[in-house]
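Colleague: Okay, predicted coordinates and the sequence, questions at the end:
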2 protein chains.
Amino acid sequence: MTDLSRFALNQATVRAWSLRQAIEGCARHGVKRIGVWRDKLAECGLGEARRLLRDHGLTVTGLNRAGPFFGVGTELKPSTADDDRRAIAEAAEIGAECLLVFPGVDRRVGDLARSRALTAERIGSLLPEARRAGVTLAIEPLHPMLAGDRSPFNSLRQANILCDELGSGLGIVLDAYHSWWDSDLDRQIPRAGSRLLGFHICDWLAPTRDLYQDRGMMGDGVIDLAGLRQSLDAAGYAGSIEVDLRLL
Amino acid sequence: MTDLSRFALNQATVRAWSLRQAIEGCARHGVKRIGVWRDKLAECGLGEARRLLRDHGLTVTGLNRAGPFFGVGTELKPSTADDDRRAIAEAAEIGAECLLVFPGVDRRVGDLARSRALTAERIGSLLPEARRAGVTLAIEPLHPMLAGDRSPFNSLRQANILCDELGSGLGIVLDAYHSWWDSDLDRQIPRAGSRLLGFHICDWLAPTRDLYQDRGMMGDGVIDLAGLRQSLDAAGYAGSIEVDLRLL
């Protein structure tokens, strides 16, 4: 029998399902870990979600997400801090292993260094509250093709530098889809070490037809997932292996 | 009056035009440098192309291209070497400042390190003939979103490493579109130095709608082209600045 103990399902994979349906679906198939999205959590209600997770014996790998810190075509949002604090409280309430941070970028000009600096500042300002709540924040490097509108953190190296700067309470989720191309992973995965909080998988289709939705089923594309898994093993990663694509 | 002395037009920008139309169009607008594609060169004929270039006082920045070295979904092609040698002869004939290399990748598995190694071997085997012909080969890092099907060289760092390995006769064309996201450019542009043979420009649109055709007009996107130009100036780059998008 297949060992599903480290297998996790990111809720985005079954986006048409409510949180209740996703939890019940996982339970039916012996899946014990789930990555949760806040919009689905809000629909379900926090108390009901906690009850469903407990009754079905599921743990939450990550809660998506704090941010974005930038509005579309605007400067840093002044008012997201309240929402980010709510995200921390929700992550604590459902016992999420981490709260993912989705920074966004200032789209008016591609000054990624500046967007990274502003993001670092914002995460730094959230860390004391996250630490008090026992919630670990996580940065997930997104593919360079998303540097123009989604995140100025596009490599594991940049994520490692951010963690160096901000200290404890911040970790990293590595997504094979976003990072598979990066020859620097050989150096950066060992460097990340115990900062690694999650490993998301799907596959890179060649050719890829869409920048946002064309994530492939594992085995249908070109990513050397086994090799990546070995690198994570060697770095001591023992956390979840989370399927994150778009099925429903 | 605008100084067009370093301005170049890549022929892909006006793909609907024949080489004759492109040369005449450049001449009409005071453009003295053109990046040429081999399919258009073949249509025109080598002798006629040389005559048109001379009569209109145009020089050729780069000839596109030697390669791909890999077939779609196949191993390294055994037989491209003949075509690559013809490309070298053509580049010599029209006095191109460089012959661009387009490696392709082995799409059966995304083992980019292996595709890079095989590409290095193939380029290495072409270098003696290129040197004899006085033709400089050029590798252009392509965006990581093209790592699955177009090139395993996706960063200036990788291009620099390749140049270190192969020695004289190989240089680099830097395309803002492919490399703008890379925070390592700060270190890699100075490292590239005199290896820089070309600088292609257009803009990155946010959001971008297509992985292959959605190159924006300069100023319509988020790339800090002025900053990139300054980095190249500081590294001593004095070559052409070549518009490379898809207008016609």
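Modeller: Cool, got the structure.

Colleague: so where is chain A shaky, pLDDT-wise?
Modeller: Within chain A, the set of residues satisfying pLDDT under 70 comprises A:1, A:72-75, A:78-80, A:109.

Colleague: Any residues of it in contact with chain B? List them.
Modeller: Those residues of chain A that sit near chain B, judged by CB under 8 Å from any CB of the partner chain, are A:105, A:107-113, A:116, A:143-145, A:147-149, A:154-155, A:157-158, A:180-184, A:204-209, A:211-212, A:221-224. In this view, the C-beta of every residue, glycine as well, is placed from N, C-alpha and C.

Colleague: Going along the chain, name the strands of chain A.
Modeller: Assignment of strands within chain A using DSSP state E yields the ranges A:7-10, A:33-37, A:59-66, A:98-101, A:137-139, A:170-175, A:196-201, A:203-204, A:215-216, A:241-243.

Colleague: List the strands paired with the first one, with their directions.
Modeller: Right, strand A:7-10. In the sheet containing strand A:7-10, its partner strands are strand A:33-37 (parallel), strand A:241-243 (parallel), by DSSP bridges.

Colleague: To A:Gln188, which of the ones you listed lies closest?
Modeller: Nearest to A:Gln188 among these is strand A:241-243 (18.8 Å), distances taken as CB to CB.

Colleague: now, of the strands paired with strand A:7-10, which is deepest in the fold?
Modeller: Per-stretch averages of neighbours, counted by mean count of other CB atoms under 10 Å in any protein chain shown, single out strand A:33-37 among the strands paired with strand A:7-10, with a mean of 25.

Colleague: A:Lys77 and A:Gly67: what is the separation?
Modeller: When CB to CB, to the nearest Å is the yardstick, A:Lys77 and A:Gly67 sit 9 Å from each other.

Colleague: ok, the two, which is more surrounded?
Modeller: Between A:Lys77 and A:Gly67, A:Gly67 has the larger neighbour count (other CB atoms under 10 Å in any protein chain shown), namely 22 against 16.

Colleague: Pull the contacting residues for that one.
Modeller: Contacts for A:Gly67 (CB atoms under 8 Å, 6 or more residues apart in numbering or on different chains) come out as A:Thr80, A:Asp84, A:Val101, A:Phe102, A:Pro103, A:Gly104.

Colleague: Out of the residues you listed, flag the one nearest to A:Leu232.
Modeller: Of all the contacts of A:Gly67, the one sitting nearest A:Leu232 is A:Val101; the distance, using CB to CB, is 20.8 Å.

Colleague: Name all residues that make contact with the closest one.
Modeller: The contact partners of A:Val101, by CB under 8 Å, 6+ apart, come to A:Arg65, A:Ala66, A:Gly67, A:Thr119, A:Ile123, A:Leu137, A:Ala138, A:Ile139, A:Glu140.

Colleague: 7 Å instead?
Modeller: If a contact means CB atoms under 7 Å, 6 or more residues apart in numbering or on different chains, then A:Val101 has A:Arg65, A:Ala66, A:Gly67, A:Ile123, A:Leu137, A:Ala138, A:Ile139 as its contacts.

Colleague: what do you get for A:Leu170?
Modeller: When the contact criterion is CB under 7 Å, 6+ apart, the partners of A:Leu170 are A:Ile123, A:Leu127, A:Leu137, A:Ile139, A:Cys163.

Colleague: same question, A:Ala192
Modeller: By CB under 7 Å, 6+ apart, the contact list for A:Ala192 reads A:Leu156, A:Asn160, A:Ile172, A:Ala235.

Colleague: Sort out which residues of the lengthiest helix in chain A are buried, please.
Modeller: Taking residue count as the measure and DSSP state H as the definition, the longest helix of chain A comes out as helix A:112-133. Neighbour counts using 16 or more other CB atoms under 10 Å in any protein chain shown place A:112, A:115-116, A:118-120, A:122-123, A:126-127, A:130-131, A:133 of helix A:112-133 among the buried residues.

Colleague: same deal with stretch A:165-173?
Modeller: For stretch A:165-173, the neighbour count (16+ other CB under 10 Å) marks A:Leu166, A:Gly169, A:Leu170, A:Gly171, A:Ile172, A:Val173 as buried.
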